[in-house]
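Visitor: quick one, structure for this:
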Amino acid sequence: MKGDAAIIRNLSRAARADVLLPQPVVAEIVYGLERLPRSRRRETLRARFDLIRSELGRAPWSDEVSEAFGTIKARLERAGKRIEDFDVAVAAHAMAEGATLVTTNLRHMTRIPGLHVEDWSISDEP
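Guide: Alright, predicted model coming up:
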């Protein structure tokens, strides 16, 4: 959404079929857009979001995602490492799909054992 050059470069290297938006990410973006005052910035971000949604598929919320959500949340609570439910939901989608989660939120997501995480905003080029 921010137009980060490193993220765009990494995304362009991936096959579209290999990149999915988890439904909680869609919900969080819509929420963020709705909180913005009506403005040119809001319209620009909405257009960018619509483009992203037209290009990428969705990771559906399945029973496997719900199972992963419950397991992750309980484990984090037992370890005293709670994170926001939407972050758990996003991680649960990746875990259920056996996928790598691409995020800049490494501080929270690396708390989840077994979750494969990458930060595409970290450039591998000068």
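Visitor: next SSE downstream of the helix or strand bottoming out on mean pLDDT in the chain?
Guide: Least confident element among the helices and strands of the chain, by mean pLDDT, DSSP states H and E: helix 5-13 (a mean of 79). Sequence-wise, the next helix or strand downstream of helix 5-13 (DSSP states H and E) is strand 20-22.
Visitor: and that next one, what other elements does it pack with?
Guide: strand 57-59, helix 85-97 (3 or more C-beta pairs under 8 Å, 6 or more residues apart in numbering; DSSP states H and E). Every residue, glycine included, has its C-beta placed from N, CA and C.
Visitor: out of the ones you listed, which one sits most buried?
Guide: Among the helices and strands packed on strand 20-22, helix 85-97 has the highest mean neighbour count (mean count of other C-beta atoms under 10 Å), at a mean of 22.
Visitor: ok, then the element right after that helix?
Guide: Of the helices and strands lying after helix 85-97 in sequence (DSSP H and E), the nearest is strand 100-102.
Visitor: re earlier: would a markdown table of the helices and strands packed on strand 20-22 with mean pLDDT be doable?
Guide: Output for the helices and strands packed on strand 20-22, formatted as a markdown table (pLDDT from 0 to 100):
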| stretch | mean pLDDT |
| --- | --- |
| strand 57-59 | 92 |
| helix 85-97 | 95 |
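Visitor: same list (the ones you listed) but as CSV, adding distance to Ser12.
Guide: As requested, the helices and strands packed on strand 20-22 are exported to CSV (distance: least, C-beta to C-beta, whole Å):
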stretch, distance to Ser12
strand 57-59, 17
helix 85-97, 21
